[in-house]
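Trainee: take a look and give me a structure for this.
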Amino acid sequence: MTQALLFSNSTNHGGAYLGHALDVLADHYAGVAEVLFAPWALADHDQYVERVASAFRTIGISVRGLHTVEDPAAAVRDAEALYVGGGNTFRLTAALHRHGLINAIRTAVASGGLRYGGASAGTVVAAPTMRTTNDMPIAEPTSFTTLGLVPFQINPHYLDADPTSTHAGETREQRLAEFLEQNDAAVLGLREGTWLQLKSESDGRNSATIGGHPTSHSAAGPAVLLQRGQPIREVAGDVSELLHLAPRYDAAP
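Mentor: The predicted model follows:
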């Protein structure tokens, strides 16, 4: 019953917040009057709410900051829609645990009653753990466990290695290969300008589709898939087969 829209990034270069995806955003939240917004990935919550609200106003939806309600978990259980913004994934995950939102969001989405949207850090936390974030650990969550709306990891802002670069540090692919050495869990790398949409189809099955267009002209496609023991491969369009994966964490060979 999962209904989720997971953006790699919220803003394309030179564009407005979510300006590259207003059509799919409006479709995902169709019929919803108000979206709850989790702003904890950034420090200035009120300013963040206003930034997000300006985008949602263009599609006729109001936004309420989840940080302003007395019981965020209860608010989520009663809500139709939630959006989780990007920023620092460690700070966001710590707040989700602190407010009792991990199980609340997971249960509400699984029941079909809550439509979930996220970008960047908000997309990372839709995976079973936050272990494939790109962020610095500026806060310490009680656990790396996150929402588990999908049975695989997501790496937003996926960057392809530049063959002309003289930088000798690890590439994104190499860092994710290190993750796979310790964990037998697939990683979906979403390039800038793309998203993953999860829907409940009329026949009762869940579907997963990659949409959008990568902002890098050198990118072969919208996303890549990394799995232990397999070469990295390009993926696009219908990726519903990923919903049947069974990840194993802390499973070094």
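
Trainee: sort out which residues of the biggest helix by length in the chain are buried, please.
Mentor: In terms of residue count, the longest helix belonging to the chain (DSSP state H) is helix 45-57. Neighbour-count burial for helix 45-57, counted by 16 or more other C-beta atoms under 10 Å, picks out His45, Tyr48, Val49, Arg51, Val52, Ala53, Ala55, Phe56. (Each C-beta comes from the backbone N, C-alpha and C, glycine too.)

Trainee: I'd like the next helix or strand past it.
Mentor: Following helix 45-57 in sequence order, the next helix or strand is strand 62-65 (DSSP states H and E).

Trainee: where's that following strand relative to the chain centroid, distance-wise?
Mentor: 19 Å (C-alpha atoms, centre = their mean, to the nearest Å).

Trainee: what's the answer for stretch 106-125, then?
Mentor: Using C-alpha atoms, centre = their mean, the offset of stretch 106-125 from its chain centre is 8 Å.

Trainee: same thing with stretch 214-227?
Mentor: Relative to its chain's centre, stretch 214-227 lies at 16 Å (C-alpha atoms, centre = their mean).

Trainee: so how far is Val84 from the residue sitting nearest the centre point of the chain?
Mentor: Centroid check for the chain by C-alpha atoms, centre = their mean gives Thr123 as the closest residue, at 0.9 Å. Look at Thr123 and Val84: by C-beta to C-beta, to the nearest Å, they are 8 Å apart.

Trainee: likewise Glu34?
Mentor: From Glu34 to Val84 the distance is 15 Å (C-beta to C-beta).

Trainee: more neighbours: those two, which one.
Mentor: Legend: neighbour count by other C-beta atoms under 10 Å for Glu34 and Val84, higher for Val84 (29 against 14).

Trainee: next one: phi and psi at the more buried one?
Mentor: In terms of degrees, to the nearest 10, the main-chain angles of Val84 are phi -120, psi 120.

Trainee: do a quick rundown of the helices in the stretch 51-200 of the chain.
Mentor: 72-78, 89-98, 101-110, 121-124, 172-182 (DSSP state H, counting those that start in this stretch).

Trainee: so what touches the longest one?
Mentor: Residues from elsewhere that reach helix 172-182 (C-beta atoms under 8 Å, 6 or more residues apart in numbering): 131-132, 134, 153, 155, 158-161, 170, 185, 187, 189, 226-228, 232, 250-253.
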